[in-house]
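> how would this look folded up:
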Amino acid sequence: MAAMKPFSPEETQKVLHHLQTPAVFTSMTGGWPALLWTAERLSSCLGDKLVRFRLGRKEETNTPLFETQCSYVEARLEHFLSWTRDQTGPHVGPFCEYPNSEYWAYADYKYIALLFQDQPSMFEGVKWSEFGYEGRDGRESTLWVGTGGANTPCHLDSYGCNLVLQVQGRKRWHLFPPEDTAHLYPTRIPYEESSVFSQVHVVQPDLKRFPAFNGARAHVVTLQPGQVLYVPRHWWHYVESLDPVTVSVNSWIELEADDVARVGEAVTKTVVCSLKGDDDTDDWLNPTEEGVASRQENMQCLNLAVRACAQRHNKLTRDQRDARPVKRDSGGGIRGSAPFRVPFGPHLIPVRCQTDAVSPETTSDPVLHSSRDREVESQEDQAAPTTEQEEEEHSDGLTGCGSRGCAAEPEHTAITTNDLLDCLLHPDVIARVTQLLLERQTGSHRRTTTNSL
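The predicted structure is shown next:
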């Protein structure tokens, strides 16, 4: 008989709806077959099937290692495991060209539905239905298998939230709230649909080039096997594997409000593909992308996204007009309804900002890291910008535009296409363009113009 879970699916959904910051569920996965998915077990299940691995050098650096800068091999998981055990020759297959003392390896973004399409029983190993997502299992999840040092560059997903199950080994997550976007110097190059990357190596930042990162508020947590991390919408995250072999399962969940973000993504893709192209010598397109779409294809996608968003907007407007008025108190709350309190405790642990004071009930829990991690800690003695300096830096609300070395080089340098894209595709700019397009589609811009005359 399966152990009783601390939260029912309905309770978990309510918790997720109200969570504004990342949190770890510690006791929700008991009895899940996926907890047995060690790399050895997966190797046995996959047999001779080839899996694509991304490889990066183990070296101290203060710049992010993007996927466009990595090496790639296709190998069996058996090869991968032999490589992690310092074997050589035919036992490691294509890994033989990459000494494991110098490289880490990561099989990331592997869709379980494709990986195990001939073994559909594997889909049942993940039970996201217990988190209130009825019918969701391994088919809507991705598998991640890596070595110590394997990492994902700091980025935010422009739509959706994430649930992450740690199966084997530990991973450390560095998370930053959406409000810190200006401190993280966002960029869309390399381009990957729905991913906004940071130009900062958040574990070893170059504060001379990116001084505003001093104002970023890192939430750091080490995820243990059996635990599930909830990453809210638009939270930045950098992930690094800590143990010789790690396995995790990620489920990206689309939200109702994501249709607005999809318009922004369509705008972004149209602009990127207009200024870049197949003949561009720069490695600007992430390996996860299939290729460059034509202007006609991009404009068609943009129109479809705007139309869908406008239809939802009109429906919400009608529903609000038809709904009965709600009685509210002086503070704006609904009368007679008790405010919901997220039930933090041993089964649900918030991932706190590392600069916050740690409460007594969480100091002993190994999942939390409240102090600044070792790399960032070395920078703490550097003075943060004064309020006056910050106002000057952020006066245009677009800190990070064209920031590729500009802070350290005040003299004029040639503006590149990537510099231009950093400005044109800054999240603040895309949000404003999206708003204007939707106002035009819904007709609200005409009402605004008429009222201003």
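> contacts for the helix or strand where L163 lies, please.
Element membership of L163 [criterion: DSSP states H and E] is strand 161-168. With contact meaning Cβ atoms under 8 Å, 6 or more residues apart in numbering, strand 161-168 is reached by 16, 29, 32, 34-35, 37-39, 126, 128, 131, 223-233, 243, 245-253, 255. From N, CA and C alone the C-beta is placed, and that goes for glycine too.
> report the buried members of those residues.
The neighbour count (16 or more other Cβ atoms under 10 Å) marks 16, 29, 32, 34-35, 37-39, 126, 128, 131, 223, 225-233, 245-253 as buried among the contacts of strand 161-168.
> so which of the residues you listed are in strands?
Applying DSSP state E to the buried ones among the contacts of strand 161-168, the entries found in strands are 223, 228-231, 245-253.
> by mean pLDDT, which helix or strand of this protein comes out lowest?
Using mean pLDDT, DSSP states H and E, the weakest-scoring helix or strand in the chain turns out to be helix 374-377, at a mean of 38.
> the protein: helices as residue ranges?
9-18, 39-46, 77-84, 112-115, 258-275, 295-322, 374-377, 387-393, 417-424, 427-442, 444-452 (DSSP state H).
> and of those helices, who's closest to H219?
helix 374-377 (12.4 Å; Cβ to Cβ).
> re earlier: which two among the ones in strands among the buried ones among the contacts of strand 161-168 are spaced furthest apart?
Taking Cβ to Cβ, no two of those sit farther apart than V245 and I253, at 26.9 Å.
> how much space between the residue nearest to Q441 when sequence neighbours are not counted and A257?
Take Q441 and drop its neighbours on the chain: the residue closest to it by Cβ to Cβ, 6 or more residues apart in numbering is A310, 4.3 Å away. As judged by Cβ to Cβ, to the nearest Å, A310 and A257 stand 14 Å apart.
> swap in G31?
In terms of Cβ to Cβ, G31 sits 33 Å off from A257.
> poorly predicted segments of the stretch 351-453 of the chain, please.
356-410, 444-453 (pLDDT under 70).
> try it again at 80.
355-412, 443-453 (pLDDT under 80).
> ok so, going back, for A310 and A257, indicate the residue with more neighbours.
A310 (20 against 11; other Cβ atoms under 10 Å).
> is it true that the more buried one touches E439?
No. With contact defined as Cβ atoms under 8 Å, A310 does not reach E439; the gap is 9.7 Å.
> on the strand side of things, show who the closest residue to V51 other than its chain neighbours bridges to.
Nearest in space to V51, with sequence neighbours left out and distances taken as Cβ to Cβ, 6+ apart, is A107 at 5.0 Å. A107 has the following beta-bridge partners by DSSP bridges: V145.
> now T38: how far from V267?
43 Å.
> oh, I was asking about D322
32 Å.
> what about the two, which has more around it?
Higher neighbour count among D322 and V267: V267, with 22 against 7, using other Cβ under 10 Å.
> how does this protein divide up, domain by domain?
Here the domain parsing of the chain from automatic domain parsing is 9-177+217-255, 257-320+398-441.
> can you tell me which of those domains is most buried?
domain 9-177+217-255 (a mean of 18; mean count of other Cβ atoms under 10 Å).
> what about it, start to end distance?
Domain 9-177+217-255 has an end-to-end distance of 17 Å (criterion: Cα to Cα, to the nearest Å).
> same question, stretch 211-219
Stretch 211-219: ends 19 Å apart by Cα to Cα.
> over to stretch 43-58?
End to end - Cα to Cα - stretch 43-58 spans 25 Å.
> from the chain's centroid, how far away is it?
22 Å (Cα atoms, centre = their mean, to the nearest Å).
> pLDDT at the closest residue to Q69 other than its chain neighbours, what is it?
Distances taken as Cβ to Cβ, 6+ apart put D283 closest to Q69, at 7.3 Å, once the chain neighbours are dropped. For D283, the pLDDT comes out at 90.
> equivalent analysis for A113, please.
pLDDT at A113 comes out at 98.
> chain neighbours aside, what residue packs nearest to it?
Nearest to A113 is R139, by Cβ to Cβ, 6+ apart, at 4.6 Å.
> hang on, that neighbour packs against M122?
No. Here R139 lies out of contact with M122, judged by Cβ under 8 Å, at a distance of 9.5 Å.
> any shared contact partners between the two?
In contact with both R139 and M122: I112, using Cβ under 8 Å, 6+ apart.
> partner residues bridging the closest residue in space to P232 that isn't next to it in sequence?
Once flanking residues are discounted, P232 sits nearest to C161: 5.5 Å by Cβ to Cβ, 6+ apart. Bridge pairing for C161 (DSSP bridges) gives the partners I253.
> state the pLDDT value of C161.
97.
> the stretch 51-200 of the chain: strands as residue ranges?
Assigned by DSSP state E, counting those that start in this stretch, the strands in the stretch 51-200 of the chain fall at 51-57, 71-75, 103-111, 142-147, 151-157, 161-168, 171-176, 186-192, 195-198.
> got JSON lines for those, with distance to I430 too?
Listed next are the strands of the stretch 51-200 of the chain as JSON lines, based on distance: least, Cβ to Cβ, whole Å:
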{"stretch": "strand 51-57", "distance to I430": "28"}
{"stretch": "strand 71-75", "distance to I430": "30"}
{"stretch": "strand 103-111", "distance to I430": "24"}
{"stretch": "strand 142-147", "distance to I430": "26"}
{"stretch": "strand 151-157", "distance to I430": "12"}
{"stretch": "strand 161-168", "distance to I430": "19"}
{"stretch": "strand 171-176", "distance to I430": "19"}
{"stretch": "strand 186-192", "distance to I430": "9"}
{"stretch": "strand 195-198", "distance to I430": "9"}
